[in-house]
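Enquirer: pasting the structure only:
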């Protein structure tokens with residue numbers, strides 16, 4: 001086993017750390033934490049629960065990021081001391097522990113480095129994710145439901161609150177479409193690399209002849225609209241239909257026409273909401289998601305030449321970005337980054353962090369290439 005040049009490795013760690021700290025702007029982060037802490041201490045904070053959650057979530061995110069930076073700096077110092085002790089005492093156990101800690105610090109720095117790449121205009125926003133079944137019949141509807149569970153499990157693993165806004169069930173199994181919010185800072189910047197067409201290859205559980213089936217589902221990710229965004233939609237541009245909410249197998253969830261389908265006439269964008277308790281709440285939720293889509297559309301039009309965001313969000317069947325193969329072998333592969341893993345079950349259980357990290361790096365490289 002080759003010996004590790006710890007002096008060189010520690011220098012490399014410090015250089016990476018200094019770069020991350022510089023991009024993160026620690027002093028600016030401290031000032032932001034002070035402002036958010038003052039807002040969080042206001043006695044009337046929870047008079048507006050949505051604003052309160054936003055403030056406390058941002059404060060938690062910034063404090064966590066600053067703490068991680070401080071801890072990594074301390075761990076690099078401790079690693080240097082550990083290596084010195086191992087050499088002085090010729091202690092192999094301490095050398096082994098130092099090697100493990102070196103790898104652990106590398107991983108933690110890599111994760112922080114990923115965060116510094118989330119610098120798009122809307123990257124720090126919360127996210128609205130929509131999943132739609134595509135070609136493949138009942139298998140595609142089932143795949144859409146599998147993907148929805150995958151993202152909800154990913155959010156749960158990270159402690160990110162989610163809220164399902166709309167679910168349209170397929171007749172036999174699975175989902176025609178579903179829309180949900182991920183209510184965490186930088187959720188849009190993080191999840192936007194998941195937008196595109198996903199492909200599943202497996203022995204169909206719905207085929208009594210046990211044939212292999214290929215099916216597709218599209219994922220759309222948009223930034224959540226905020227109160228200070230100026231997206232005014234004249235009533236004359238809206239067509240609003242109401243209908244009865246439905247559950248799996250076409251069962252009625254309630255006996256009132258509380259579900260809302262909102263169409264933006266100039267663009268043809270359609271938003272449906274049925275998971276709130278009243279028609280008024282569903283209408284408000286639909287309008288917010290419609291405004292979010294129009295906000296992103298405006299950004300896409302402004303950046304059309306660079307194609308900075310449009311390619312990530314508008315999924316088409318020729319825009320396959322990831323394959324999940326369960327037969328004749330087990331493999332999940334991102335077709336943009338070529339990153340792959342051989343355990344689809346773990347991926348479907350929310351283990352997608354490595355795919356997201358590689359996607360963020362790929363997007364940052366693509367943007368840099370376009371700017372050059």
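Expert: Now that the structure is in, tell me what you want to look at. All figures in this text were calculated on a predicted structure; none of them were measured in a lab.
Enquirer: Might one say that residue 23 is in contact with residue 116?
Expert: Yes. In this structure, residue 23 is within contact of residue 116 by Cβ atoms under 8 Å, at 4.2 Å. To be clear about C-beta, it is placed using only N, CA and C from the backbone, and glycine gets the same treatment.
Enquirer: Can you tell me how far residue 361 is from residue 354?
Expert: Here the criterion is Cβ to Cβ, to the nearest Å. By it, residue 361 lies 11 Å from residue 354.
Enquirer: Just want to know which of those two has more residues nearby.
Expert: For residue 361 versus residue 354, neighbours defined as other Cβ atoms under 10 Å are more numerous around residue 361 (17 against 14).
Enquirer: these two touch, right, that one and residue 116?
Expert: No. In this structure, residue 361 is not within contact of residue 116 by Cβ under 8 Å, at 11.1 Å.
Enquirer: how many other residues sit next to residue 148?
Expert: Using other Cβ under 10 Å, residue 148 is surrounded by 23 other residues.
Enquirer: I meant to write residue 10 there.
Expert: By other Cβ under 10 Å, the residues close to residue 10 number 17.
Enquirer: Please go through the protein and pick out the longest strand.
Expert: Ordering each strand of the chain by length in residues (DSSP state E) puts strand 212-223 first.
Enquirer: Check which strands are paired with it and give the direction for each one.
Expert: Partner strands and pairing direction for strand 212-223 (DSSP bridges) are strand 127-133 (antiparallel), strand 196-203 (antiparallel).
Enquirer: Serialize those strands to TSV and add fields for mean pLDDT.
Expert: Output for those, formatted as TSV (pLDDT from 0 to 100):
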stretch	mean pLDDT
strand 127-133	93
strand 196-203	94
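Enquirer: Please enumerate the strands of this protein.
Expert: For the chain, the strands defined by DSSP E occupy 127-133, 162-169, 175-182, 196-203, 212-223, 238-243, 259-264, 269-273, 320-325, 331-334, 340-341.
Enquirer: Looking at those, which is nearest to residue 86?
Expert: Taking Cβ to Cβ, strand 340-341 is the member of the strands of the chain nearest to residue 86, at 33.9 Å.
Enquirer: Output the contacting helices and strands for that closest one.
Expert: Counting contacts by 3 or more Cβ pairs under 8 Å, 6 or more residues apart in numbering; DSSP states H and E, strand 340-341 packs against strand 331-334.
Enquirer: mind checking how far the strand it packs on is from the chain centre?
Expert: In terms of Cα atoms, centre = their mean, to the nearest Å, the centre of strand 331-334 is found 18 Å from the chain centre.
Enquirer: Could you name the helices and strands sitting against that strand?
Expert: Right, strand 331-334 is packed against strand 320-325, strand 340-341, helix 344-348, helix 353-371 by 3+ Cβ pairs under 8 Å, 6+ apart.
Enquirer: Point out the most buried one among those.
Expert: strand 320-325 (a mean of 20; mean count of other Cβ atoms under 10 Å).
Enquirer: for the helices and strands packed on strand 331-334, which one sits closest to residue 77?
Expert: helix 353-371 (26.0 Å).
Enquirer: quick one: residue 185 and residue 58 touch, right?
Expert: Yes. With contact defined as Cβ under 8 Å, residue 185 reaches residue 58; the gap is 5.5 Å.
Enquirer: before we move on, back to that, would you mind giving the strands of the chain as JSON lines with distance to residue 47 added?
Expert: What follows is these, written out as JSON lines (distance: least, Cβ to Cβ, whole Å):
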{"stretch": "strand 127-133", "distance to residue 47": "25"}
{"stretch": "strand 162-169", "distance to residue 47": "21"}
{"stretch": "strand 175-182", "distance to residue 47": "22"}
{"stretch": "strand 196-203", "distance to residue 47": "41"}
{"stretch": "strand 212-223", "distance to residue 47": "26"}
{"stretch": "strand 238-243", "distance to residue 47": "30"}
{"stretch": "strand 259-264", "distance to residue 47": "28"}
{"stretch": "strand 269-273", "distance to residue 47": "26"}
{"stretch": "strand 320-325", "distance to residue 47": "43"}
{"stretch": "strand 331-334", "distance to residue 47": "45"}
{"stretch": "strand 340-341", "distance to residue 47": "46"}
